[in-house]
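**Student:** Any chance you could fold what I've pasted below:
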Amino acid sequence: MKIYNTLSGKKEEFVPLIPGKAGIYACGVTVYDHCHIGHARSAIVFDVIRRYLKYKGLNVTYVRNFTDIDDKIIRRAHEEGIPWDAVAGKYTDEYYRDMDMLGVGRADIEPKATDYIPEMINIVQGLIGKGHAYESDGSVYFAVGSFRDYGKLSKRDMEEMMAGARVEVDERKKNPLDFALWKKSKEGEPYWESPWGPGRPGWHIECSAMSVKHLGESFDIHGGGADLLFPHHENEIAQSEAFTGKTFAKYWVHNGFITINKEKMSKSLGNFFTIKEVLETFDPEVVRFFLLSTHYRSPIEFSDEVLREAESTLDRYYTTVLRIQDYLEKPGEEKADFTAAGKDFSKVVHSFKEKFEAAMDDDFNTALGLGHVFELIKETNRFLDGKPSGPKDGELLLKAEELLSVTGNVLNLFNRTPHAWYLSLMKVGNIGLSEDYILGKIEERRAARQIKDWLLADAIRKELEEKGVILEDKKNRTDWKIKTGS
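**Tutor:** Predicted coordinates for the structure are as follows:
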């Protein structure tokens, strides 16, 4: 199993520091606003990494933090006229609501920065004692020049950073690249007591304190969005390794940006969509599928059109499950052995697991893994088109369905019944019909067909189709589904 390590710039074999275990720390959100779709990508990526490592038999400890004190939180508190901690609580709840809908599991440990002030102060004191930090007018700064490896993650040269630094002049700093470990509080701001006076932690120090507390001074995987690589993760490495003298994280994993019209999506540019907004129009599983259909390190272009395509592709899975279930309800005559088509399909089925795992073992390549999933779905439909018969064919179809389900558990996709899938599509698609209404129309159409009133039967089908409901006549019943991709 190989992981692309941002630190080395290449894929490396994944060898946990402790055999059979894996420690993951993923930088979470600053809880001052609704999350956008970029936050969803990072959360889903690390959710799948955790799931796959557990699937491979590792005992995983996954830590994802909340930044619950920050300039943005303080500013939002003033705007909304509520205490800063009420802002943090409000948007933490919104975060959970979004992530629960997207199928993102809770981390094993979800620390909040303000619960770890003593641990942060301890690290800051240690850095001062070792000559890596200094106090200035009630604030404490990390002395970047004291850490010889500064820039090793982002591959930036210290002299070039100094020459090109666009930083505001701050007379409290000895070096314009130095960053705050502890910030003196301004009047009216929340504060905590410290050896340097009332203040609050800098952004970077919180992740070092919380990861060391729960995963140890060295652990396996640290990651987040590519926008965190510099300066946040670079600063984390500097302060952590200067404090402990040990390698901070062995593997650094960063997911790529989401773009709109080829431009990075961000709140500063104003070209972003909140998760809440997107889920008003699209089923959460569609969003999750879309985000996993591109390799996590690659940029991914966001638009309604690509989400509609994802919806149609995902529908192929549920349609195939329906076909398998229909077949298993009425298998054909018994045959002693597979037909030639059955033998070919058997090879596809029995090679699937190995192909899927090979894709995921290659730097969590969910795009390739899903490619194998839909290759199996294509071959399943081709096999069904050949009208298989007999118990062996049925066993093969059951095996295919089981494999798709196991894959779904790893990715947290394909975990509903087709009926639940279409009910959800009906809701987000604003069909404006209830299931009872549709079933009533199906019964009305059945009665019309029984008395050979074909005009009325066709009119009912057309009426439903115009509203996005497709009828499928089967041997003993008529099923309904929602038209996708439109």
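**Student:** Show me what the helix or strand hosting residue 322 is packed up against.
**Tutor:** Counting by DSSP states H and E, the element that carries residue 322 is helix 304-329. Helices and strands touching helix 304-329, by 3 or more C-beta pairs under 8 Å, 6 or more residues apart in numbering; DSSP states H and E, are helix 284-292, helix 366-385, helix 391-411, helix 418-428, strand 478-482. For every residue, glycine as well, the C-beta is placed using N, CA and C.
**Student:** what mean pLDDT would you report for the helix or strand just after the first one?
**Tutor:** What that stands for is helix 284-292. Proceeding N to C from helix 284-292, the next assigned helix or strand is strand 300-301, under DSSP H and E. What strand 300-301 shows for mean pLDDT is 94.
**Student:** Can you give me the domain assignment for this structure?
**Tutor:** 2-280, 306-417, 431-482 (automatic domain parsing).
**Student:** I'd like those domains written out as TSV, with distance to residue 287 added.
**Tutor:** Shown next, in TSV, are those (distance: least, C-beta to C-beta, whole Å):
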stretch	distance to residue 287
domain 2-280	6
domain 306-417	7
domain 431-482	17
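**Student:** of the ones you listed, which approaches residue 292 most closely?
**Tutor:** Among the domains of the chain, domain 306-417 comes nearest to residue 292, with 4.3 Å by C-beta to C-beta.
**Student:** Helix or strand with the lowest mean pLDDT in the chain?
**Tutor:** Of the helices and strands making up the chain, the lowest-confidence element is helix 158-164, at a mean of 70, by mean pLDDT, DSSP states H and E.
**Student:** ok, back up a step: could I get the domains of the chain as a markdown table with mean neighbour count and distance to residue 289?
**Tutor:** Output for the domains of the chain, formatted as a markdown table (neighbours: other C-beta atoms under 10 Å; distance: least, C-beta to C-beta, whole Å):
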| stretch | mean neighbour count | distance to residue 289 |
| --- | --- | --- |
| domain 2-280 | 18 | 10 |
| domain 306-417 | 17 | 5 |
| domain 431-482 | 14 | 16 |
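**Student:** Tell me which of these lies nearest to residue 291.
**Tutor:** That would be domain 2-280 among these, by C-beta to C-beta, at 5.0 Å.
**Student:** How far does that closest one sit from its chain's centre?
**Tutor:** How far domain 2-280 lies from its chain's middle: 17 Å, per C-alpha atoms, centre = their mean, to the nearest Å.
**Student:** I'd like the distance between residue 190 and residue 103.
**Tutor:** Here residue 190 is placed at a distance of 34 Å from residue 103 (C-beta to C-beta, to the nearest Å).
**Student:** Oops, could you answer that again for residue 265 instead?
**Tutor:** Residue 265 is 21 Å from residue 103, by C-beta to C-beta.
**Student:** quick one: which of the domains of the chain is nearest residue 297?
**Tutor:** domain 2-280 (5.2 Å).
**Student:** Now residue 23, what are its backbone angles?
**Tutor:** According to degrees, to the nearest 10, the main-chain angles of residue 23 amount to phi -110, psi 130.
**Student:** about what we covered before: put together a markdown table for the helices and strands packed on helix 304-329, with distance to residue 7 and mean pLDDT on each row.
**Tutor:** What follows is those, written out as a markdown table (distance: least, C-beta to C-beta, whole Å; pLDDT from 0 to 100):
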| stretch | distance to residue 7 | mean pLDDT |
| --- | --- | --- |
| helix 284-292 | 25 | 98 |
| helix 366-385 | 22 | 96 |
| helix 391-411 | 26 | 91 |
| helix 418-428 | 41 | 93 |
| strand 478-482 | 46 | 94 |
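**Student:** Would you mind giving the ones you listed as TSV with distance to residue 208 added?
**Tutor:** TSV is the format used below for the helices and strands packed on helix 304-329 (distance: least, C-beta to C-beta, whole Å):
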stretch	distance to residue 208
helix 284-292	29
helix 366-385	30
helix 391-411	31
helix 418-428	41
strand 478-482	49
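**Student:** can you tell which of those is closest to residue 460?
**Tutor:** Closest among the helices and strands packed on helix 304-329, once you apply C-beta to C-beta, is strand 478-482, at 10.4 Å.
**Student:** Identify the residues contacting the closest one?
**Tutor:** With contact meaning C-beta atoms under 8 Å, 6 or more residues apart in numbering, strand 478-482 is reached by 315, 319, 322, 418, 422, 425-426, 429, 431, 438-439, 442, 445-446, 464, 468-472.
**Student:** That one pairs with which strands, and in what direction?
**Tutor:** Within its sheet, strand 478-482 is paired with strand 469-473 (antiparallel), according to DSSP bridges.
**Student:** From residue 62, how far out is residue 107?
**Tutor:** Distance of residue 107 to residue 62, given as C-beta to C-beta: 5 Å.
**Student:** And residue 111, by the same measure?
**Tutor:** Distance, residue 111 to residue 62, using C-beta to C-beta: 12 Å.
**Student:** same question, residue 249
**Tutor:** Counting by C-beta to C-beta - residue 249 and residue 62 are separated by 14 Å.
**Student:** cool, and residue 83?
**Tutor:** For residue 83, the distance to residue 62 - C-beta to C-beta - is 30 Å.
**Student:** Please, where are all the helices along the stretch 101-250 of the chain?
**Tutor:** Per DSSP state H, counting those that start in this stretch, the stretch 101-250 of the chain carries helices over the ranges 117-129, 158-164, 203-215, 234-244.
**Student:** Which one of the ones you listed lies nearest to residue 361?
**Tutor:** Nearest of the helices of the stretch 101-250 of the chain (C-beta to C-beta): helix 203-215, 23.3 Å.
**Student:** what does that closest one rub up against?
**Tutor:** So helix 203-215 is contacted by 23, 25, 27, 61, 63, 65, 67, 70, 109, 111, 113, 116, 119-120, 122-124, 179, 181-182, 219, 222, 231-232, 235-236, 239-240, 243-244, 248-249 (C-beta under 8 Å, 6+ apart).
**Student:** same thing with stretch 401-414?
**Tutor:** 47-48, 51-52, 55, 103, 105, 285, 288-289, 292, 314, 317-318, 321, 324, 349, 352-353, 356, 360, 366, 369-370, 373, 376-377, 415.
**Student:** overlap in contacts of residue 107 and residue 62?
**Tutor:** Common neighbours of residue 107 and residue 62 are listed as 26, 50 (criterion: C-beta under 8 Å, 6+ apart).
**Student:** which regions of the chain sit below the pLDDT cut-off?
**Tutor:** Residue ranges of the chain with pLDDT under 70: 163-169, 267-269, 331-341, 390, 486.
**Student:** if we go to 80?
**Tutor:** Across the chain, the stretches falling below the confidence threshold (pLDDT under 80) are 159-171, 261-272, 330-342, 389-391, 429-430, 485-486.
**Student:** rewinding a little: immediately after the helix holding residue 322, which helix or strand?
**Tutor:** helix 340-361.
**Student:** returning to what we had before: nearest approach to residue 300 belongs to which of the domains of the chain?
**Tutor:** Comparing the domains of the chain by C-beta to C-beta, domain 2-280 comes nearest, at 5.4 Å.
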